[in-house]
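**Q** Give me coordinates for this.
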Amino acid sequence: MEYLVTMTTHVPDGTSSEAVDDVRAREATRSRELAAQGHLLRLWRPPLQPGEWRTLGLFAAETAGELDEVLASMPLRVWRTDAVTALSPHPNDPARTRGEGSGVEFLVRLTITVPDGTPADVVEDLKVREAARVHELAEQGHVLRLWRPPAKADEWRALGLWRARDAAEMHAVLESLPLSGWFTVQTTPLTLHPSDPAIVSS
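**A** This is a model prediction of the structure:
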């Protein structure tokens, strides 16, 4: 199972720069070990405020308990809080941890609301066209991964890793989806983390 983990680090006041450097070096080493074991798939940095330490990580583990053991094994955990989102497979997932091409990666959260009274055949037609368009965008390198985060019974939610040249192109790509008229979107631009397995293994 895959998990998105938001890791927020607060270094205690008075901690020496040598101690910080030591923990960060050990964290990088442990990240490489977890990547080699298949537990750490990707790492990114979302936009940060001055002095803020926050990382987004894509992890794999058999159970939530195993994930907690993995996260607890990371040296920065002594200063860090983790928010975990369990991810389920999405039927339109391109099923790859990274795609070809270049550009900025974006974490995109979609919440889809079907208007009341919409005929079932219209909904099904749009879902079929949405799947076809996502496949096209995956072939073009725009859709890298898709998951289903936890949702209420009557909610449609998707979490995706997307790629585009810039925010304007990302917006245009999302607008090209057949279901775009029904969803609200939250887009987070991502920069690579120095311990990201995509860099380390390339």
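
**Q** C-alpha from now on. contacts and neighbour counts both.
**A** Fine.

**Q** What's the local residue count around the nearest residue to Leu67 once chain neighbours are set aside?
**A** Spatial nearest neighbour of Leu67, chain neighbours left out: Ala61 (5.4 Å); criterion: C-alpha to C-alpha, 6 or more residues apart in numbering. Neighbourhood size, Ala61 [other C-alpha atoms under 10 Å]: 17.

**Q** show me the contacts for Ala61.
**A** Listed by C-alpha atoms under 8 Å, 6 or more residues apart in numbering, the contact partners of Ala61 are 1-3, 39, 67.

**Q** Including secondary structure, distance to Asn92 and pLDDT, could those go into TSV?
**A** Below are these laid out as TSV (DSSP: H, G, I helix; E, B strand; the rest coil; distance: C-alpha to C-alpha, whole Å; pLDDT from 0 to 100):
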residue	secondary structure	distance to Asn92	pLDDT
Met1	coil	17	92
Glu2	strand	16	95
Tyr3	strand	18	96
His39	coil	23	96
Leu67	helix	25	96
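
**Q** what residue ranges in the protein are flagged as low confidence?
**A** For the chain, the stretches with pLDDT under 70 are 96-101, 200-202.

**Q** can you give me the strands for it?
**A** 2-9, 40-45, 53-60, 80-89, 104-112, 143-148, 156-164, 183-192 (DSSP state E).

**Q** With respect to Ala72, which of the ones you listed lies nearest?
**A** Counting by C-alpha to C-alpha, Ala72 lies closest to strand 80-89 out of the strands of the chain; the figure is 9.9 Å.

**Q** what lines up beside the closest one in the sheet?
**A** Strand 80-89 sits in its sheet next to strand 2-9 (antiparallel), strand 143-148 (antiparallel), going by DSSP bridges.

**Q** Residues touching it, excluding its own?
**A** Taking C-alpha under 8 Å, 6+ apart as the rule, strand 80-89 contacts 1-10, 146-150.

**Q** tell me the angle it makes with strand 156-164.
**A** Put simply, strand 80-89 runs at 100 degrees to strand 156-164, going by axes from the mean of the first three to the mean of the last three C-alpha atoms, to 10 degrees.

**Q** Can you tell me how far the closest residue to Glu2 other than its chain neighbours is from Leu40?
**A** Excluding the flanking residues, the one nearest Glu2 by C-alpha to C-alpha, 6+ apart is Ala60, at 4.4 Å. For Ala60, the distance to Leu40 (C-alpha to C-alpha, to the nearest Å) stands at 6 Å.
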